[in-house]
Structure formats: structure tokens, C-alpha cells
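Chemist: any chance you can model this:
(one chain, ligands or ions: 1)
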Amino acid sequence: MTVIQGRNYINGEWRDASETFESVNPSDIRETVGVFPASGKAEADEAIAAASAAFPSWKRLSRINRGEIIDNFAQLLKRDRDELIQLCAREVGKQWNESYADVIEAIHMTQFVAGYARQPNGFVVPSEIPAKDAYIIRKPKGVTVCIAPWNFPVAIPLWEVLPAVLEGNTCVLKPSPYSSACGYKLAQLLDEAGFPKGVVNVIHGGGPDCGEVLTHHPDTRLILFTGSFAVGQSIQQFVATDPTKFAACELGGKNQLLVLDDANMDIAIPAAVMSAYKTSGQRCVSVGRILVDRTREAEFTERFLDASQRLRIGNAMDRDVFTGPLVNEQGREKFERHNARAREEGFEVLLDGGRLTGGEHEHGYFVSPFVYRGEYRDDSWVLNEEAFSPHVAILPVDGLDEAIRIHNEVPYGLAAAVITEDYRKWRECREELEVGLLYVNLPSIGAEVHLPFGGMKRSGNGHPGAATLIDYVTHRTAFTVNHDHEIKMAQGLSAEL
Ligand code: NAD
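Modeler: Numbers count the residues shown, from 1 in each chain. Alright, predicted model coming up:
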């Protein structure tokens, strides 16, 4: 297949950098997917300057006109849907059906944001003084840096960029270096959609050399970050030193499935398999801990292990496999580190997954599931850290109260799923579980774009992404007009001179 020669998209122009890096196909690392500019300070400065210059006229354009350009972009995503699906599967190793869902999610997000252009962008609010009209209007924050992870290479960059530009901000997007070809394709479509020059800029590069320069730039007002806890924490620490900057951070998870005593196992098993193994466990909402009521543990475990052993793992472009490889060698080493720690901490290994080699797996980062069990311990490292791989703990629990307590001891709070037939139990979970996304009789994955997407605790700083980000990318401004012939003040304040 052709090697993509990617370029930066700055101020409506295609530009190179002095250094380059490659992205490879994780299903077969002999294949280079593309070569991209390794951007540094010079490129980051140029991109921020372009976004700053474009801001005054972009924010003055009508919101409806901005939405129309986003609608053009939706048409282009639809036109090139199949190319995007292929690219996603090839570059990040998301199995074909999952790549399909990623692109469809991107289209849904784009449609949602384009349609939102015609929604109110403020409110009329009552005043104590009858002749006063008071309004809340929303204004853009300014130059916005969007930093995206590799695992939703089409949808997540658009969750960030589109709400920001709809509301009149201008952007610099830095995709993950592991999904640069997808980011480059998005840049081409954004260009074709007709955004004025400088409104959206897309530059490629690594975290410290490029991402950090963008987030630390003095002209950056807003940072929309999705990625790991460690990087999100460093961004939040930096933003805390500069009160003119804002950051919305969507971070990792150690998500849990609760299988209660009355669970329907015909739902629990597919929910567990999808939650733990879709994208090879590399979703922020992937399940790493399954809390099973002790009375159902034997039955659940037997069926879950059977299903885990029957997964078809192979080339992500193959429509018949269930899941593809891990994204890179670091991901595979992290998986192995977690597996080793589970052993060291004394857990019983039920399924000793590891590297898959030979045959169709020979040249990719393939692994098979690792499943272990044991009594819950709050001092366990492995039960508390995100593994981002098919690494799953089964933990027996005695009843709903214990399940909720153990669930909430994890430092993350992104997604959970509960399997029960009892409305009182799921209602209790809804009230008590510390998560941003809760599913009942479903897997922990599969969010839709018009719902808030975001977590609590280490999983996010409370500005959920996707549709609800529209609120965060604006300032709410109070605007009050007097229609009387004299000044009358609220709160009994005298206007006498
Ligand atoms: P990552 O944190 O390693 O990288 C994310 C992005 O940040 C990349 O573009 C990277 O180049 C950039 N980056 C790295 N260091 C940086 C720095 N110092 N300054 C600025 N940018 C920097 O994450 P990843 O491996 O790409 O993605 C996996 C992680 O993302 C997992 O932890 C997963 O749970 C999380 N994730 C969260 C959500 C969510 O919505 N909560 C969604 C998807 C993925």
C-alpha cells in the first residue's frame, strides 16, 4: 500500500518540518503507513500564530455560517467514510467493525455540532427591574489547543475541534503520533470543507516536543486534552500556574463491571467480553475489574473464560476477527508488566495470556487475554492502575453494598456497567457509583455523542467531552440593557446623585 506523505496544515497551507517520523501498521509492523513532520517549537509557534490571527474574524462570523462549514465537513466525512475506516484499521489496529464505529461516531458528532449552530447560544433571564432586559450570552475563549489520543483517531479529534470552532474559537489540533495518518486525512477534509485559513491548524509530532509547546504557549487560552492520567495531570498542574488558561481533561479509567446475584448470564457474558476485549482493552472505558457476586462466581467464570479463549484475534483489516493487536510495543510491555504484577501480588491466574507469535501474528503487536482472580485488597497496585490491554481481574463480592464499596475505592471514575434484573439495585448503583458513565445490562462501552462523556476522580476534571464540551469552550457573559428613561437599580440600591 502507498506510504502517505503527511504534512502539517498551518494557516491553510501544507508545510513540512526539518525532521520526520513514521507511523506503522500495528497488525504488521513491516508496513509503514505514513511519514509525518516531527513538529517542534517553530511549527507550534507558527500554528498558534495562525490561529491567533484568524480568531477576530472567525468569532465575528455568524454561528449559523460557522455551522454550515461544519455541515460541509460532515458531507466530506460521509463521502470518504470507507477510506477513513480502512485508514483507522490500518494505522491503529482497530478491528474493521470498530474502525467503522469510530468513523460513524465522528459523522454523528459533526452532524450534532452543525445542527447545534441553530440552537440558542444564551438565555434571556428575568431582572428585578421591569425595564431591564438581562441576557446570558456565550463568547469564545480564544486559541484552543486540541490534543488527542490514538485510540479514537477519527472521532476524538472532532469531539474537541468541532465544538470549539462552532463557538468561534480557533484551533490547533495535534493528533497522536500513532494516528497521524488519520489526523492528516482529517486535515485534508477540514481544508476542503472551506474553513477560512488559520481557523483549524493540524500539526504532527510527539508529546513533549510538540504537545507541550502548544499547551504552554502564552497565546493558548484553552486546552482540550484527551489521553492518559499522567499527561492530563501535568497539563492541569501547568494550567494551575496560569489563571488565563483553561483545560478540559478527559483521562484514563480502571472501569468495572458489576455482576449481581440476580444477573442474567446471557447478558453478563457478552457484556463482559465486549467491555474487556473490544479494541483489545484499549478503550478509556474498557473494563479491568469484574466484581461478581460470590454466589454466581463459578458460573460466570466458567463461561467468561470459555468466551475469552474463543476470541478471534488477528489483522485489524480482517472483518471476521473480533479484535486486532495492541497499538505499539510499549502497550505490549505495559500489558506484560501488569500480568507480572498480578502474579507477584498473589492472584490466581486463570488465563495466562501473553504475546501471540507465528502465522498471522508474527509481525504485529498481538496478545491474548490475561484473566486472574482473588479476594479484593485495597493495597493492590494491579487492581488500581489502568492496564489498557486485555488484562482482567475477577473479584468475588458479597452483595451489592460490598460491590459498591469496592467499586468506589478505585482512584478512577469513568465508566461502569451493572448486570441485574432488579430496578432497586441498578437505581442504588446509579446513585452511589462514582462514575461519569453508567450502563445497565449493557457493556461499559458504546457512548453516543449527544450524551456527556467524561469521568470523575483521576478520569477527568469535570468538563465532559463530546456534545457537552460546547458549554466549556465558551465564557458566559452577563449582558444587561435598561429601556427606561431613568436609572433604576436592583437590590434597593439608590440611584440618587
Ligand atoms: P497519552 O496521554 O500518551 O497521549 C495523548 C496525547 O497527548 C497524544 O497526542 C500525545 O502525543 C500527547 N502528549 C503526550 N505528552 C504530552 C505533553 N507532555 N504535553 C502535551 N501533550 C502530550 O495517551 P494515549 O496513549 O494516546 O491514549 C491512551 C490514554 O488515553 C489512556 O489512558 C486512555 O484511557 C485515555 N483516553 C481517555 C479518553 C476519555 O475520554 N476519558 C478517551 C480515549 C482515551
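
Chemist: list the buried ones in the helix-or-strand element of the chain with minimal mean pLDDT?
Modeler: The helix or strand of the chain with the lowest confidence, counting by mean pLDDT, DSSP states H and E, is helix 469-472 at a mean of 87. Within helix 469-472, the residues that count as buried by 16 or more other Cβ atoms under 10 Å are 469-470, 472. Placement of C-beta: from N, CA and C, glycine included.

Chemist: for it, what is the distance to the chain centroid?
Modeler: 15 Å (Cα atoms, centre = their mean, to the nearest Å).

Chemist: in the helix or strand that it is followed by, what's buried?
Modeler: Going down the chain from helix 469-472, the next helix or strand is strand 474-482, by DSSP states H and E. Of all the residues in strand 474-482, those buried under the rule 16+ other Cβ under 10 Å are Thr474.

Chemist: and stretch 33-40, C-alpha only, in PDB?
Modeler: The C-alpha trace of stretch 33-40 is given here as PDB (Å, rounded to 0.1, in the frame of the first residue of the first chain):
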ATOM      1  CA  VAL A  33       1.600   3.700   6.900                       C
ATOM      2  CA  GLY A  34       3.000   7.200   6.600                       C
ATOM      3  CA  VAL A  35       5.800   9.700   7.100                       C
ATOM      4  CA  PHE A  36       5.000  12.900   9.000                       C
ATOM      5  CA  PRO A  37       6.600  16.100  10.100                       C
ATOM      6  CA  ALA A  38       8.100  15.900  13.600                       C
ATOM      7  CA  SER A  39       7.000  19.300  14.600                       C
ATOM      8  CA  GLY A  40       8.800  21.300  17.300                       C
END
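
Chemist: elements contacting the least confident helix or strand of the chain?
Modeler: Judged by 3 or more Cβ pairs under 8 Å, 6 or more residues apart in numbering; DSSP states H and E, helix 469-472 is in contact with helix 155-166, strand 246-250.

Chemist: rewinding a little: and of the buried residues of helix 469-472, the nearest to the ligand?
Modeler: Comparing these against the ligand with Cβ to the nearest ligand atom places Leu469 closest, at 10.6 Å.

Chemist: could you pull out the helices in the protein for me?
Modeler: Applying DSSP state H to the chain gives helices spanning 41-60, 63-79, 81-92, 96-116, 155-166, 180-193, 212-216, 229-240, 265-277, 297-309, 329-344, 399-408, 423-432, 469-472.

Chemist: what does the third one rub up against?
Modeler: Here helix 81-92 makes contact (Cβ atoms under 8 Å, 6 or more residues apart in numbering) with 1, 23, 25-27, 31, 33-34, 77, 94-96, 99-100, 102-104, 106-107, 150-151, 153-154, 178-182, 185, 316-317, 324, 327.

Chemist: is any residue of that helix near the ligand?
Modeler: No - with Cβ under 6 Å from any ligand atom as the criterion, the ligand is not reached by helix 81-92; the gap is at least 9.7 Å.

Chemist: going forward, count from 393.
Modeler: Fine by me, first position is 393 from now on; the one you just mentioned is helix 473-484.

Chemist: next, the buried residues of that helix.
Modeler: 473, 476-484.

Chemist: so this structure: which segments form each domain?
Modeler: 396-643+852-871, 647-832 (automatic domain parsing).

Chemist: taking the contacts of helix 473-484, please make a PyMOL selection of just the buried ones.
Modeler: Buried subset of these, written as a PyMOL selection, criterion 16+ other Cβ under 10 Å:
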select buried, resi 415+417+418+419+425+426+469+486+487+488+491+492+494+495+496+498+499+542+543+545+546+570+571+572+573+574+577+708+709+716+719
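
Chemist: number of residues surrounding the closest residue to Leu453 other than its chain neighbours?
Modeler: Leaving aside its sequence neighbours, Leu453 sits nearest to Gly560 (Cβ to Cβ, 6 or more residues apart in numbering; 7.5 Å). Per other Cβ atoms under 10 Å, the neighbour tally for Gly560 reads 24.

Chemist: equivalent analysis for Arg688, please.
Modeler: 18.

Chemist: correct me if wrong: it contacts Leu650.
Modeler: No - assessed by Cβ atoms under 8 Å, Arg688 is found out of contact with Leu650, at 11.3 Å.

Chemist: can you name the residues of the stretch 393-542 of the chain that neighbour the ligand?
Modeler: 539-542.

Chemist: quick one, which of these are buried?
Modeler: For these, buried by 16+ other Cβ under 10 Å: 539-542.

Chemist: out of these, which are inside strands?
Modeler: Counted as lying in strands by DSSP state E, out of these, are Ile539.

Chemist: of the buried ones among the residues of the stretch 393-542 of the chain next to the ligand, which is the nearest to the ligand?
Modeler: Closest to the ligand, out of all of those and judged by Cβ to the nearest ligand atom, is Pro541, at 3.1 Å.

Chemist: phi and psi next, for the closest one.
Modeler: Dihedral pair for Pro541: phi -90, psi 180, per degrees, to the nearest 10.

Chemist: just to revisit the earlier point, the helices and strands packed on helix 861-864: which one's closest to the ligand?
Modeler: Taking the helices and strands packed on helix 861-864 one by one with Cβ to the nearest ligand atom, strand 638-642 is closest: 3.4 Å.

Chemist: quick one: that closest one to chain centroid distance?
Modeler: 12 Å.

Chemist: which residues touch that strand?
Modeler: In contact with strand 638-642 (Cβ under 8 Å, 6+ apart) are residues 533, 607, 613-619, 624, 627-628, 631, 676, 845-847, 851-853, 855-857, 861, 864.

Chemist: do you know the pLDDT at the residue lying closest to Gly706 once chain neighbours are set aside?
Modeler: Take Gly706 and drop its neighbours on the chain: the residue closest to it by Cβ to Cβ, 6+ apart is Val713, 3.9 Å away. pLDDT recorded at Val713 is 97.

Chemist: is it true that Val713 touches Arg704?
Modeler: Yes - using Cβ under 8 Å, Val713 is in contact with Arg704, at 4.6 Å.

Chemist: looking at the two, which one has more neighbours?
Modeler: Between Val713 and Arg704, Val713 has the larger neighbour count (other Cβ under 10 Å), namely 18 against 10.

Chemist: next up, the contacts around the more buried one.
Modeler: 487, 704-707.

Chemist: quick one: which of those residues sit in strands?
Modeler: Per DSSP E, the subset of those in strands is empty.

Chemist: of the residues you listed, closest to Ile786?
Modeler: Ile786 has its nearest neighbour among the contacts of Val713 in Ile705, at 20.4 Å by Cβ to Cβ.

Chemist: since that was my last question, I'll sign off now.
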